[in-house]
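Novice: Next input, structure requested:
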Amino acid sequence: MTTAAPLPVSPGVQRLILDGPLTIYDAAGVKGRLQAALEHDDTSALELDLSQVSELDTAGLQLLLFARQESRRLNRPLRILDPNSAVNDVIAFCRLEAFFGDALPRGPEG
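Specialist: Numbering: from 1, shown residues only. As a prediction, the model looks like this:
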C-alpha cells in the first residue's frame, strides 16, 4: 500500500512523500491526496518525493501526469524529487521526459 504524507518543508514549499508501490491498487487514494496537496495552497511549490516508490505501473504514471497537468493548470510549481529507477525507467520508456520538463531533476550530464 502506498502512503502519501504531506510535509511542510519551508515557507512556500510543500512536500508530498510517496512511499511504496504506486499502482492501480492505490491510485484512487493517492489521487485524492495529490489533488488535496495541489489545491492546498496555490502559491507554494509542491515537491513530490518519489525516492521510496517501489513500483510504478501505468496507473501510477497517470497520477504523475495528472500532477504535472494540474500544477500547470493551477500555475503552481511542481518538482519531482529523487525519482528512483522504478520511476525513471517508466518515464524514459514512455518518452515523457519532455512532458515533465523542469519538474524532473537533471541528470549528471544535464
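Novice: looking at this structure, which helix or strand does the model trust least?
Specialist: Least confident helix or strand, the chain: strand 3-10 with a mean of 58, by mean pLDDT, DSSP states H and E.
Novice: how about the helices in this structure?
Specialist: With DSSP state H as the definition, the chain shows helices at residue ranges 27-40, 58-73, 85-93, 97-100.
Novice: Please spell out which residues along the second one are buried.
Specialist: By neighbour count with 16 or more other Cβ atoms under 10 Å, helix 58-73 contains the buried residues A59, G60, L61, L63, L64, L65, F66, A67, R68, E70, S71. Where you see a C-beta, it was placed from the backbone N, CA and C, and this is true even at glycine.
Novice: by how many degrees do it and helix 85-93 diverge?
Specialist: Angle, helix 58-73 to helix 85-93, by axes from the mean of the first three to the mean of the last three Cα atoms, to 10 degrees: 70 degrees.
Novice: Counting by contacts, list what helix 58-73 packs against.
Specialist: When contacts are defined as 3 or more Cβ pairs under 8 Å, 6 or more residues apart in numbering; DSSP states H and E, helix 58-73 packs onto strand 13-22, helix 27-40, strand 45-56, strand 78-81, helix 85-93, helix 97-100.
Novice: mind checking which of these is nearest R106?
Specialist: Across those, R106 has its closest neighbour in helix 97-100 (10.3 Å, Cβ to Cβ).
Novice: Under the pLDDT cut-off, which ranges of the protein? List them.
Specialist: Applying pLDDT under 70 to the chain flags the ranges 1-9, 41-43, 107-110.
Novice: Just want the most central residue of it.
Specialist: L48 (4.3 Å; Cα atoms, centre = their mean).
Novice: Show me what that one bridges to in the sheet.
Specialist: L16, I80 (DSSP bridges).
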